[in-house]
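[1] Provided below for reference: sequence and predicted model.
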Amino acid sequence: MAGKVEAGFPSGIATNQKSTMRGKFITFEGGEGSGKSTQVAGLALRLQKLHIDVKVSREPGGSAGAEAIRHVLLSGAAKPLGPHAEAILFAAARADHLRETIRPALERGQWVISDRFADSTRVYQGVLGNVEPRVIARLEKLTVGELTPDLSIILDLDPKIGLARVTKRRGNAPVDRFEAEEFDFHKKLREAYLDLAAKEPGRVAVVNANADATAVASGVWAVVKERLQPTWRPQRVRDAS
């Protein structure tokens, strides 16, 4: 009996070979309104056209336990507890996200694209929340361990433009925990991300997000091609029993 095409793969040439290689891990970072979700979806589609199996996720969230914590964090319910408590909650959500979603997907050979990851904690709670670097580093070691993203893309945007986008997108919906911060917070947030990129140029790339979404997507794709060199994969099949 002929092999059966595995769900989730576009039509194309079939092969009985199964990938045993670890997938790539890409994260997107940036300030509010920088277009992360749009670029995550766009990059996933471009990779899927190469027959690369992609898992899209987000933080806080990406797994059942982490999504529950997401509500607590973004509603502002944890803000009165202080940045140290928020950092711990983010770490707890990340641990569940890694255990339930990211690690299994990478082991299956999928490419994982996450809207935010550990760099957000470094910047939001570490730099802006003044949580001691040793505490942030310890939390990251406990949750992330040696699993470092293969590529982290920072979408760099003037915070005035980003906040204007957020206001337009939100409409009458309530402001979330971080959108509600003063403008100076968002200005420092941008500076912190650029400083992070300067310190880790081998992992982190900055893409100008001031342009329209199509132009930004071209910049993102150029970085991914240069750093990770994605190539077309033959379509996989699952042998029929």
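    In hand now; what should we look at?
[2] wait, a strand at residue 190?
    No. Counting by DSSP: H, G, I helix; E, B strand; the rest coil, residue 190 is located in no strand; its state is helix.
[3] can you count the residues close to it?
    19 (other Cβ atoms under 10 Å). C-beta: built from backbone N, CA, C; applies to glycine.
[4] so it makes contact with residue 155?
    No. The criterion here is Cβ atoms under 8 Å, and residue 190 misses it with residue 155 at 10.4 Å.
[5] and residue 202, how close does it get to residue 109?
    Shown here: residue 202 relative to residue 109, a distance of 24 Å by Cβ to Cβ, to the nearest Å.
[6] which stretches in this protein count as helices?
    36-48, 64-74, 83-97, 103-107, 118-120, 133-143, 159-170, 183-199, 213-228 (DSSP state H).
[7] hmm, who's touching the second one?
    In this structure, residues lying in contact with helix 64-74 by Cβ atoms under 8 Å, 6 or more residues apart in numbering are 59-61, 78, 86, 89-90, 92-94, 96-97, 100, 176-178.
[8] quick one on the thing from earlier: higher neighbour count, residue 202 and residue 109?
    When residue 202 and residue 109 are compared for neighbours, residue 109 comes out ahead with 17 against 7, by other Cβ under 10 Å.
[9] write the PyMOL selection for whichever of the contacts of helix 64-74 are buried.
    Entered in PyMOL, the line below selects the buried ones among the contacts of helix 64-74, by 16 or more other Cβ atoms under 10 Å:
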select buried, resi 59+60+61+78+86+89+90+92+93+94+96+97+100+177+178
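[10] of the contacts of helix 64-74, closest to residue 228?
    Closest to residue 228 out of the contacts of helix 64-74 is residue 59 (20.5 Å), distances taken as Cβ to Cβ.
[11] beta partners for residue 151?
    Beta-bridge partners of residue 151, counted by DSSP bridges, are residue 26.
[12] wait, it touches residue 43, no?
    No. Applying Cβ under 8 Å as the test, residue 151 and residue 43 come out as separate, 10.4 Å apart.
[13] which residues do those two both contact?
    Common neighbours of residue 151 and residue 43, using Cβ under 8 Å, 6+ apart, are 26, 224.
[14] neighbour count winner among the two?
    residue 43 (23 against 19).
[15] ok, the more buried one to residue 210 distance?
    Counting by Cβ to Cβ - residue 43 and residue 210 are separated by 19 Å.
[16] fine by me, we can end here.
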